[in-house]
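S.K.: Model the following, please.
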Amino acid sequence: MIFWPVIAYTPFFFTQWVSPPIRIGCFALLSIYLFFSSKRYSKDDVGVLCLLILLATLLMLGNSSGMQDLIKSGNYCLTIFFGWGLSRHLKLSRDRLPILLGLYVKFFYLILIFSLLSLIYFFTLGELDLFGFKSDVFAHLVTPFGILFKRSVGDFVVYRSFFYFNEGAHLAIFYAVNIVVVAPLLKDKTVSFKRANLLGGILTMSMTFYVVLFVLYGTKKMLSISGAISVFIGTIFLIYLIQIFDVTSYLSTDDRIERFVIFFNLMAEANATQLLFGHGVSFFQTLGFDKAFNSGFTLSIYETGFVGLAIQMIILFRLSPHFILFVFFLLVSNILDPIHQPLFWFLIIVTSQALKNESVADTTIGSSKGPLLK
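M.R.: As a prediction, this is how the structure comes out:
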């Protein structure tokens, strides 16, 4: 029940399947349950509460379209509130963490299996749109097991398989972080989970997977001299391969650059108040652009200003004070908008708590061995 409302939100196609009142209502009830499952309150809770109230006030002041804007602002804060409630829920009992981490791992095994079945079904039986996800606007292919996207690479035609995610890049970032961060937490199941996510990343055929994987791996290795050298050599080699095979010509780079250009043009016309506090969450819809911002940074700056962006990042860091996860957020926020995705918060909070428990366990073991070493 905890996980169902998570996949009813972006970045899944299931958002088209579940009506907004049911989706928001169930998600709100879940968030309230998670938050009040623990009766203990700490100084960190007070800090997060103050920050969330500031963000909500900022969004309310930017209200420009009445009830529609109010609902969108409430949903904006509700997603962050969900992450906060999940953090409190996990702190109440250590027995809950293995259950939710295991649920997350099984879900991604299921995603891989469905991605493979989707390809097999398409090549044998063709398309079948059971859930009404087919669209005349987007050129995606639909099977009972997921979404496919046809892409031409030179003289070859390949099919990208990414479950029921909106885009391959949205799934690719999770595959990458699963390999570098989540898999090592599974101990005896680390190798199998890494292999599964590597295969899944290949099936998405998204350059985002390799970039995020390389940066996260490099972040972990940069702590040693040999690791830093290997990362430097790997970076040069990767740039060389991109130039040789002209990888950028097969990517959506031009589209992403165009969206960034729209953002910079709009911000160049903004006044000091709009730069600091944003234009409001519904203001962008009135401008008449065919393309919206798909970067979390540009969207947050435009809607809530640099003050709102700072508040969101501080809340994130207070709930998940781990450098590798913060790097992950900074990296993927240039590509998409993770902070508004419940699945992102689920990953961040569960993984952060697991890393914290692992750090405490290592410290305890080290201190218990201290006298023996002496």
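S.K.: going forward, measure contacts between C-alpha atoms and count neighbours the same way
M.R.: Fine.
S.K.: Can you list the buried residues in stretch 182-196?
M.R.: Val182, Ala183, Pro184, Leu185, Leu186, Phe193, Lys194, Ala196 (16 or more other Cα atoms under 10 Å).
S.K.: Please tell me how far the residue nearest to the first one when sequence neighbours are not counted sits from Leu186.
M.R.: For Val182, the nearest residue in space outside its immediate sequence neighbours is Thr351; the separation is 6.7 Å by Cα to Cα, 6 or more residues apart in numbering. Noted for Thr351: a distance of 11 Å to Leu186, by Cα to Cα, to the nearest Å.
S.K.: Quick one: the helices in the stretch 51-200 of the chain, in order.
M.R.: Ranges of helices within the stretch 51-200 of the chain are 67-92, 96-125, 168-177, 190-204, based on DSSP state H, counting those that start in this stretch.
S.K.: where among those helices is the average confidence lowest?
M.R.: Note on the helices of the stretch 51-200 of the chain: lowest mean pLDDT is at helix 67-92, with a mean of 87.
S.K.: hang on, Ile22 in a helix?
M.R.: Yes: assessed with DSSP: H, G, I helix; E, B strand; the rest coil, Ile22 lies in a helix.
S.K.: Contact partners for it?
M.R.: Contact analysis of Ile22 by Cα atoms under 8 Å, 6 or more residues apart in numbering lists nothing.
S.K.: Where do the strands of the protein begin and end?
M.R.: All strands of the chain, identified by DSSP state E, fall at 140-143, 146-153, 156-161.
S.K.: and the first one, what other elements does it pack with?
M.R.: Counting contacts by 3 or more Cα pairs under 8 Å, 6 or more residues apart in numbering; DSSP states H and E, strand 140-143 packs against helix 96-125, strand 146-153.
S.K.: Can you spell out which helices and strands pack onto the longest one?
M.R.: For helix 96-125, the elements it packs on are strand 140-143, strand 146-153, strand 156-161, helix 190-204, helix 342-373, judged by 3+ Cα pairs under 8 Å, 6+ apart.
S.K.: Give me the angle between that helix and helix 168-177.
M.R.: 130 degrees (axes from the mean of the first three to the mean of the last three Cα atoms, to 10 degrees).
S.K.: how about helix 96-125: buried residues?
M.R.: Within helix 96-125, the residues that count as buried by 16+ other Cα under 10 Å are 97, 100-101, 104-105, 108-109, 111-112, 114-119, 121-122.
S.K.: what does stretch 321-341 give?
M.R.: 321-322, 324-325, 328-329, 331-341.
S.K.: For the strands of the chain, state which one has the densest average packing.
M.R.: strand 140-143 (a mean of 22; mean count of other Cα atoms under 10 Å).
S.K.: For it, which strands pair with it and how are they oriented?
M.R.: Strand 140-143 sits in its sheet next to strand 146-153 (antiparallel), going by DSSP bridges.
S.K.: The strand it pairs with versus strand 156-161: what angle between them?
M.R.: Using the same axes, to 10 degrees, the direction of strand 146-153 lies 160 degrees away from that of strand 156-161.
S.K.: From the rest of the structure, what touches strand 146-153?
M.R.: Against strand 146-153 from outside (Cα under 8 Å, 6+ apart): 114-115, 118-119, 139-142, 157-165, 250.
S.K.: circling back: what would the helices of the stretch 51-200 of the chain look like in CSV with distance to Pro5?
M.R.: CSV is the format used below for the helices of the stretch 51-200 of the chain (distance: least, Cα to Cα, whole Å):
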stretch, distance to Pro5
helix 67-92, 11
helix 96-125, 14
helix 168-177, 18
helix 190-204, 23
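S.K.: who's in contact with Val281?
M.R.: By Cα under 8 Å, 6+ apart, Val281 lies in contact with Leu59, Gly62, Asn63, Asp69, Lys72, Ser73, Glu303, Thr304.
S.K.: try 10 Å this time
M.R.: Going by Cα atoms under 10 Å, 6 or more residues apart in numbering, Val281 touches 59-60, 62-65, 68-70, 72-73, 76, 299-300, 302-304.
S.K.: Among those, name the buried ones.
M.R.: By neighbour count, with 16+ other Cα under 10 Å, those hold 59-60, 62-64, 69-70, 73, 76, 299-300, 302-304 as buried.
S.K.: Give me the pLDDT for Ile242.
M.R.: At Ile242 the predicted local confidence, pLDDT, stands at 52.
S.K.: among the helices of the stretch 51-200 of the chain, which is nearest Ala310?
M.R.: Among the helices of the stretch 51-200 of the chain, the nearest to Ala310 by Cα to Cα is helix 67-92 (13.9 Å).
S.K.: If you count contacts, what does the closest one end up packed against?
M.R.: helix 20-36, helix 43-61, helix 96-125, helix 296-319, helix 342-373 (3 or more Cα pairs under 10 Å, 6 or more residues apart in numbering; DSSP states H and E).
S.K.: repeat that for 8 Å
M.R.: Counting contacts by 3+ Cα pairs under 8 Å, 6+ apart, helix 67-92 packs against helix 20-36, helix 43-61, helix 296-319, helix 342-373.
S.K.: Dump those helices into a markdown table; add distance to Ile202 and mean pLDDT as well.
M.R.: A markdown table is the format used below for the helices and strands packed on helix 67-92 (distance: least, Cα to Cα, whole Å; pLDDT from 0 to 100):
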| stretch | distance to Ile202 | mean pLDDT |
| --- | --- | --- |
| helix 20-36 | 32 | 91 |
| helix 43-61 | 38 | 90 |
| helix 296-319 | 25 | 90 |
| helix 342-373 | 21 | 75 |
